[in-house]
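>>> coordinates only, sequence not included:
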């Protein structure tokens, strides 16, 4: 499996990092694009540079490189995830604004009827955010907010991050073992 992975400038850099780590462990090829804003957030939240994440990816591209392979529908990928997805990026994708490689690749994924998963971390949501999400869902995108479950009995923040990363992997049909599955309420 080959996935385009975009990390944008929303809070939630640990989700992007853990997703890349999980893909590497599972043998999934990743085509990484890190936005300029995400570079600042990576340093702020994780103390890591974009180069640290690029080492986890199979291939990586500059967000300014509109000639990179993921900008074409003829390039074989199975899908794309934007994790985390800023409302700026979500809005651009929803409105067909393909000004960089992230938004162009997402546009290509949608037009090719491939799986596009967007992981917004913003809260609260404005009506504009919700309308953009609705528009994207109608176009075939999966909106997977970074809202972890607590039935997994998390003991640390990493457990919450793993839950979201696991849910994203499931959208691509990938088994992962990152969190315990729901087995009923029990007694």
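It's in. This one's a predicted model, so the numbers in the text were calculated from it and none came from an experiment.

>>> what's the spacing between the stretch of helix or strand residue 19 belongs to and its chain's center?
Assigned by DSSP states H and E, residue 19 belongs to helix 13-26. Centroid separation for helix 13-26 versus its chain: 10 Å, with CA atoms, centre = their mean, to the nearest Å.

>>> What of stretch 43-58?
Worked out by CA atoms, centre = their mean, stretch 43-58 lies 15 Å from the chain centre.

>>> where do the strands sit along the chain?
Secondary structure of the chain (DSSP state E): strands located at 2-7, 29-34, 59-61, 79-85, 115-120, 142-143.

>>> Any chance of a markdown table for these, columns distance to residue 43 and mean pLDDT?
The way it works is simple: take the backbone N, C-alpha and C, and place the C-beta from them, glycine included. Listed next are the strands of the chain as a markdown table, based on distance: least, CB to CB, whole Å; pLDDT from 0 to 100:
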| stretch | distance to residue 43 | mean pLDDT |
| --- | --- | --- |
| strand 2-7 | 12 | 98 |
| strand 29-34 | 11 | 98 |
| strand 59-61 | 17 | 98 |
| strand 79-85 | 15 | 98 |
| strand 115-120 | 20 | 98 |
| strand 142-143 | 27 | 98 |
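
>>> would a markdown table of the ones you listed with distance to residue 178 be doable?
As requested, the strands of the chain are exported to a markdown table (distance: least, CB to CB, whole Å):
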| stretch | distance to residue 178 |
| --- | --- |
| strand 2-7 | 16 |
| strand 29-34 | 16 |
| strand 59-61 | 23 |
| strand 79-85 | 14 |
| strand 115-120 | 15 |
| strand 142-143 | 18 |
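
>>> Which one of the ones you listed lies nearest to residue 50?
strand 29-34 (4.4 Å; CB to CB).

>>> Understood, closing this out.
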